[in-house]
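Enquirer: I would like the atomic coordinates for the input below:
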Amino acid sequence: MIPGPQNAQMTDNIETVEATMASSILLSLLLTLAPAQDTGTLRVRVALTDAAGVTTPLPRLLLLISNNPSIDEPRRVRTAADGTIEVRLAPGSYTVELDEPISFRGKAFTWTQIVDVRGGRETVVDLTADNAETAAGARRSVDSATLLTAWRDSVVEIWTPTRHASGFIIDAARGLIATSHRAMGGAATVEVQFTKGTERYKVPGRVLVSERDPGAAIVWVEPKALPTTRAVDPACGMSPRSAPNYQDVLTTITASALTAKEATDGAVRNVTEKAIFSDLRIGSDSEGGPVFAEDGALLGISAIDDKDDRKRWDEAWVVPAERVCPVIAAAVTKTAGATPPAATRLPMEPAGPAVQPIAIVRMNKNAPSAPKPAALAPPTVPAANFDITLWSARMVRGIEPGASSVRTDFGSWSEYVRDLDDHVFLVRVSPQFEESLWKTLARGVAATQGMMLPPLKNFTSNFLQLRAYCGDAEVLPIHPFVIEHEVEGRSAIREGLYAFELAAFGPACPAIRFSMFSERDPQKPDTKVIDPKLFEQLAKP
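Expert: Next up is the predicted model:
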């Protein structure tokens, strides 16, 4: 059929609409692509400086970025661990503001900044105290996070024979570390463990001064061994700061043996001339860390009065910094003309294989449960004056839950033993006449139940030290622990608990021997040759 005039006009209209639609689509596509090809980068850095002059980035702050004039919902971004964010934006004017005010060192801050973003360029905005606005109040405080970021590398772990504690660098040039007197437990030498990022290592430390009053101790290490030159300033020689008030917020950084370093907040409960009491929650293995006031200045050293080291938590008190300063001065005097401990790195727990993903298995409720593997008893080897018991991680896991026995009581090291690495084994050295030892301990337990048993006098001298050898080469332990048992009416019973890498006593050892020393005769070793087959038993999966 030959089209008529109306049909021809309709065809022309359709062609016009199609052309217009094609042009619109092309234009939209060009408009969409043009900004992408001409975007700019906005980098925002958020950091505040405290009264001591330490600048700290503020992590995980929520910022709002909106167009000017605002026509859409603002873009919500959060600062990274270094206090920065980076976003790609089309050229134009933007408002950068904090989602809600934050509290820092007792003051509330917020920001509202107008910035221009240019295509193909980077625009940097620094949010600092200089361009901050003082807010009326803040629900969230960033003090803990910023203090942890600022001082994480300056807080250390301290291993003594009987306890684990926190400590912190106070003089990087001299290698001085402050900690709690109680946590040192009378030790003269300790192991100081540093952590910086993924790097972990230990070096020897010497306790220069440890005073019960005021409750502070100073440990000395080789300055070159420090992972950082940043030291927490105790402000010695300056005018004493005013005492904190009731309910003032305190922050401490702890370095536990079982978890990563963390910051904890608490409130002042009471202030005396010698101490600041608070409701800070400190683990029994974490006292000795720095305690900061609301303005970020060092307030003192954390301490606890937990006589039972198996108790996990306790309320803490603070040794005021001005009472620590004389202890620091005495330590500095002792370093004059003396040689610091060696910077030799000590053995650490070996890095095990990568953890395999856990397979999800659907259990058949009607199927019989798999039998529990039989517990593997730790082998015991008697020497002349001591008994040696070898514990693997598997043997530790075989201890029945809730079982209470002096043979399976590891004192203040119970939590370390519970999480023992499969590549590590323990050597427990108990004074000889084991039956009398356990009866002596049982007598103390019986006394708490109202039963008085006669004292046993055939107890040999306490443990002092263990030295282990693979052939003629001495094998250094990962940890030289001591277990102390308090017994009523006599001095504490001391056992050795040494952690070694299992591979250190492998088939390559021509001979394995342990030399044990007692407090009664510290120069005469009680030496025992160990059957290598026992280590094969320890290595069984």
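Enquirer: in what helix or strand does Val77 lie?
Expert: Here Val77 sits within strand 75-78, counting by DSSP states H and E.
Enquirer: and for Arg323?
Expert: Going by DSSP H and E, Arg323 is in helix 321-335.
Enquirer: cool, and Val87?
Expert: Using DSSP H and E, Val87 sits in strand 84-89.
Enquirer: and that strand, which residues are buried?
Expert: Going by neighbour count (16 or more other Cβ atoms under 10 Å), the buried part of strand 84-89 is Thr84, Ile85, Val87, Leu89. (C-beta placed from N, C-alpha, C; glycine too.)
Enquirer: turn these into JSON lines, columns for pLDDT.
Expert: Listed next are the buried residues of strand 84-89 as JSON lines, based on pLDDT from 0 to 100:
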{"residue": "Thr84", "pLDDT": "95"}
{"residue": "Ile85", "pLDDT": "95"}
{"residue": "Val87", "pLDDT": "95"}
{"residue": "Leu89", "pLDDT": "93"}
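Enquirer: where do the helices sit along the stretch 301-450 of the chain?
Expert: With helices called from DSSP state H, counting those that start in this stretch, the stretch 301-450 of the chain shows them at 321-335, 393-397, 414-418, 434-448.
Enquirer: the closest residue to Asp248 other than its chain neighbours: neighbouring residues, count only.
Expert: Of all residues not flanking Asp248 in the chain, Val268 sits nearest, at 4.6 Å (Cβ to Cβ, 6 or more residues apart in numbering). As a burial measure, Val268 scores 21 neighbours (other Cβ atoms under 10 Å).
Enquirer: isn't Val268 right up against Leu280?
Expert: No - with contact taken as Cβ atoms under 8 Å, Val268 and Leu280 are classed as non-touching, separated by 9.6 Å.
Enquirer: now the common contact residues for those two.
Expert: Leu250 (Cβ atoms under 8 Å, 6 or more residues apart in numbering).
Enquirer: what mean pLDDT does stretch 325-343 get?
Expert: Averaged across stretch 325-343, pLDDT comes to 96.
Enquirer: renumber starting at 18 from here on
Expert: Right, with 18 as the first residue, what we last looked at is stretch 342-360.
Enquirer: residues touching it, excluding its own?
Expert: Under Cβ under 8 Å, 6+ apart, the answer for stretch 342-360 is 187-188, 191-193, 195, 206, 220-223, 225-226, 228, 231, 233-235, 237-242, 251, 253-254.
Enquirer: from Val336, how far off is Val249?
Expert: Here Val249 is placed at a distance of 14 Å from Val336 (Cβ to Cβ, to the nearest Å).
Enquirer: the more surrounded of those two?
Expert: Val336 (27 against 24).
Enquirer: residues in contact with the more buried one?
Expert: Ser197, Pro231, Gly232, Ala233, Ala292, Gly317, Ile318, Ser319, Ala320.
Enquirer: okay if I get the residues you listed as JSON lines plus pLDDT?
Expert: As requested, the contacts of Val336 are exported to JSON lines (pLDDT from 0 to 100):
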{"residue": "Ser197", "pLDDT": "97"}
{"residue": "Pro231", "pLDDT": "93"}
{"residue": "Gly232", "pLDDT": "95"}
{"residue": "Ala233", "pLDDT": "97"}
{"residue": "Ala292", "pLDDT": "94"}
{"residue": "Gly317", "pLDDT": "96"}
{"residue": "Ile318", "pLDDT": "97"}
{"residue": "Ser319", "pLDDT": "96"}
{"residue": "Ala320", "pLDDT": "94"}
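Enquirer: among these, who's most crowded?
Expert: Ile318 (34 neighbours).
Enquirer: that one reaches Ile299, doesn't it?
Expert: No - contact criterion Cβ under 8 Å: Ile318 and Ile299 do not qualify, at 11.0 Å.
Enquirer: which residues do the two both contact?
Expert: With Cβ under 8 Å, 6+ apart as the test, Ile318 and Ile299 both reach Gly306.
Enquirer: need the buried ones from the contacts of stretch 342-360 selected in PyMOL.
Expert: This is the PyMOL syntax for the buried subset of the contacts of stretch 342-360, where burial follows 16+ other Cβ under 10 Å:
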select buried, resi 187+188+191+192+193+195+220+221+222+223+225+226+228+231+233+234+235+237+238+239+240+242+251
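Enquirer: any stretches of the stretch 68-217 of the chain with poor pLDDT?
Expert: Applying pLDDT under 70 to the stretch 68-217 of the chain flags residues 69.
Enquirer: distance of the nearest residue to Pro76 once chain neighbours are set aside relative to Ala190?
Expert: Among residues not flanking Pro76 along the chain, Ala98 sits closest, at 4.8 Å (Cβ to Cβ, 6+ apart). Applying Cβ to Cβ, the value for Ala98 to Ala190 is 29 Å.
Enquirer: tell me how far Leu437 lies from Gly192.
Expert: Where Gly192 is concerned, Leu437 sits at a distance of 31 Å (Cβ to Cβ).
Enquirer: show me what contacts Pro261?
Expert: Leu267, Val285, Val288, Ile293, Ala310, Leu316.
Enquirer: same thing but at 7 Å, please
Expert: Val285, Val288, Ile293, Ala310, Leu316 (Cβ atoms under 7 Å, 6 or more residues apart in numbering).
Enquirer: over to Lys545?
Expert: Taking Cβ under 7 Å, 6+ apart, one finds Val398, Ala400, Ile405, Arg530, Phe531 in contact with Lys545.
Enquirer: the fourth one should be in a strand, yeah?
Expert: When you say that, I think you mean Arg530. Yes - under DSSP: H, G, I helix; E, B strand; the rest coil, Arg530 falls within a strand.
Enquirer: partner residues bridging it?
Expert: Tyr486, Val546 (DSSP bridges).
Enquirer: pretty sure it contacts Tyr486?
Expert: Yes - Arg530 lies in contact with Tyr486 (Cβ atoms under 7 Å); the separation is 5.1 Å.
Enquirer: distance of the closest residue to Asp143 other than its chain neighbours from Thr96?
Expert: Nearest non-adjacent residue to Asp143, counting by Cβ to Cβ, 6+ apart: Arg62, 5.1 Å away. From Arg62 over to Thr96 the distance is 8 Å, taken as Cβ to Cβ.
Enquirer: between those two, point out the one with more neighbours.
Expert: Per other Cβ under 10 Å, whichever of Arg62 and Thr96 has more neighbours is Thr96, with 20 against 17.
Enquirer: verify the contact between the more buried one and Leu79 for me.
Expert: No - here Thr96 lies out of contact with Leu79, judged by Cβ under 7 Å, at a distance of 8.2 Å.
Enquirer: per-residue pLDDT of Pro539, please?
Expert: Value for Pro539, per-residue pLDDT: 91.
Enquirer: need the three-state assignment for it.
Expert: Going by three-state DSSP, the secondary structure assigned to Pro539 is coil.
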